[in-house]
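>>> Need a 3D model of the sequence below.
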Amino acid sequence: MKITVGELFEFAVEMDMSLVAHSIYWALTNGKVDANDNMEKLKKVQSDEAEILRLHKTNLLGTGRIKLYAVKTQTKDWFAFYFAEQAMDVFQLHREKFGENNVDLLPADRLLCGVMASAETGKEEFLFERKKRMAEFPAYVGHARAGELVMFQVG
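Numbering: from 1, shown residues only. From the prediction side, this is the model:
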């Protein structure tokens, strides 16, 4: 199956793979590849790593702004999950929604590609798919027990 440079670029942007997306963007805008080329052509491109890192640092494409956070709740072994741009937004929303202060906040982006099942419906989905459906941030995602892949809606 042939995957084009354009398809890989769209996937990288959608998945918040910022460095990959900026690398492909650089190759496209500098005429090194065409959007319809096979993605294998990217391996042969001599890229300007300093320029790509500059694009990545300035985040020209606006990728990766919304992160997944886990709040270690006051209930043993339970975490509340949120999508937000800033950690402070998570603390505030969690306090407003559940009245809990002095909680630990953990970055949880590594779980974005994980499949979670809804406790209510049993439907399984990737957390990044749920993020795509949300219109406003910060946003409460749900609660899960440590080590389990079932998301509960609380409150």
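>>> next helix or strand past the helix or strand of the chain with the lowest mean pLDDT?
The weakest-scoring helix or strand in the chain, judged by mean pLDDT, DSSP states H and E, is helix 127-133 (a mean of 84). Per DSSP states H and E, the first helix or strand lying C-terminal to helix 127-133 is strand 139-145.
>>> Tell me which other helices or strands that next one touches.
strand 78-84, strand 150-151 (3 or more CB pairs under 8 Å, 6 or more residues apart in numbering; DSSP states H and E). The C-beta positions use only the backbone N, C-alpha and C, and glycine is treated the same way.
>>> ranges for the helices of the protein?
For the chain, helices defined by DSSP state H occupy the ranges 5-14, 18-29, 49-58, 87-98, 127-133.
>>> Go through the ones you listed and name the closest to G155.
Closest of the helices of the chain to G155 is helix 87-98, at 5.8 Å (criterion: CB to CB).
>>> Check the average confidence over that closest one, would you?
In this model, helix 87-98 has a mean pLDDT of 97.
>>> Off-centre distance for that helix?
Relative to the chain's own centre, helix 87-98 is displaced by 19 Å; criterion: CA atoms, centre = their mean, to the nearest Å.
>>> Could you chop the chain up by domain?
5-58, 67-151 (automatic domain parsing).
>>> okay, the ones you listed in JSON lines with mean neighbour count next?
Formatted as JSON lines, the domains of the chain follow (neighbours: other CB atoms under 10 Å):
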{"stretch": "domain 5-58", "mean neighbour count": "16"}
{"stretch": "domain 67-151", "mean neighbour count": "15"}
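>>> residues touching the closest residue to V141 other than its chain neighbours, list them.
Take V141 and drop its neighbours on the chain: the residue closest to it by CB to CB, 6 or more residues apart in numbering is F81, 4.0 Å away. Contacts for F81 (CB atoms under 8 Å, 6 or more residues apart in numbering) come out as 68-71, 108, 111, 127, 140-144, 151.
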